[in-house]
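Peer 1: how would this look folded up:
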Amino acid sequence: MAVTANYEAVMIVSMKKGEEGIQAIVEKFKNLIEKNATLKNVDEWGKRKLAYLINKESEGYYVLYDFESTAEFPAELDRIFRITEGVARSLIIKKEDE
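Peer 2: A predicted model of the protein is given here:
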């Protein structure tokens with residue numbers, strides 16, 4: 001059996017995508033994580049002011065994914081975050097065992 005760990009992934013979606021575009025990106029990553037890992041929770045924080053400008057934008061749409069997977073999947077997820085148009089920033093962390 002494969003060894004799994006708990007991870008959190010936060011992404012900021014560009015507001016330029018519009019409401020439908022943002023929801024499409026949120027669903028895309030939700031489905032991707034469900035296919036490759038055990039998705040525990042999706043927490044949509046919504047529109048927030050950014051600490052600094054990213055691509056001349058001052059606001060972004062924040063989403064937090066909580067999932068459990070093998071060690072290989074987060075690297076692939078990060079790669080897809082980076083090449084997806086509309087994802088301004090992303091961060092994946094391995095959670096400490098509780």
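
Peer 1: who's in contact with the strand ranked longest in the chain?
Peer 2: The strand spanning the most residues in the chain, taking DSSP state E as the definition, is strand 38-54. Contacts to strand 38-54, defined as C-beta atoms under 8 Å, 6 or more residues apart in numbering, come from residues 4, 6, 12, 15, 26, 30, 33, 57-69, 88-89. C-beta coordinates here come from the backbone N, C-alpha and C atoms, glycine included.

Peer 1: 7 Å - rerun?
Peer 2: 15, 26, 30, 33, 57-69, 88-89 (C-beta atoms under 7 Å, 6 or more residues apart in numbering).

Peer 1: Could you pull up the residues touching residue 67?
Peer 2: Contacts of residue 67 by C-beta under 7 Å, 6+ apart are 7, 33, 37-40.

Peer 1: Not counting its neighbours along the chain, what's nearest it?
Peer 2: If the residues on either side of it in the chain are set aside, residue 67 comes closest to residue 37, at 4.5 Å by C-beta to C-beta, 6 or more residues apart in numbering.

Peer 1: what's the spacing between the one you found and residue 81?
Peer 2: 14 Å (C-beta to C-beta, to the nearest Å).

Peer 1: do the same with residue 75
Peer 2: Counting by C-beta to C-beta, the gap between residue 75 and residue 81 amounts to 11 Å.

Peer 1: can you list residues touching both of these two?
Peer 2: Taking C-beta under 7 Å, 6+ apart as the contact definition, residue 75 and residue 81 share no neighbouring residue.

Peer 1: neighbour count winner among these two?
Peer 2: residue 81 (18 against 9; other C-beta atoms under 10 Å).

Peer 1: Could I get the buried residue list for the helix or strand where that one lies?
Peer 2: Following DSSP states H and E, one finds residue 81 within helix 73-83. By neighbour count, with 16 or more other C-beta atoms under 10 Å as the criterion, the buried positions of helix 73-83 are 73-74, 77, 81.

Peer 1: what about residue 25, which helix or strand?
Peer 2: Using DSSP H and E, the secondary-structure element containing residue 25 is helix 18-36.

Peer 1: how far off helix 73-83 does that helix point, in degrees?
Peer 2: 160 degrees (axes from the mean of the first three to the mean of the last three C-alpha atoms, to 10 degrees).
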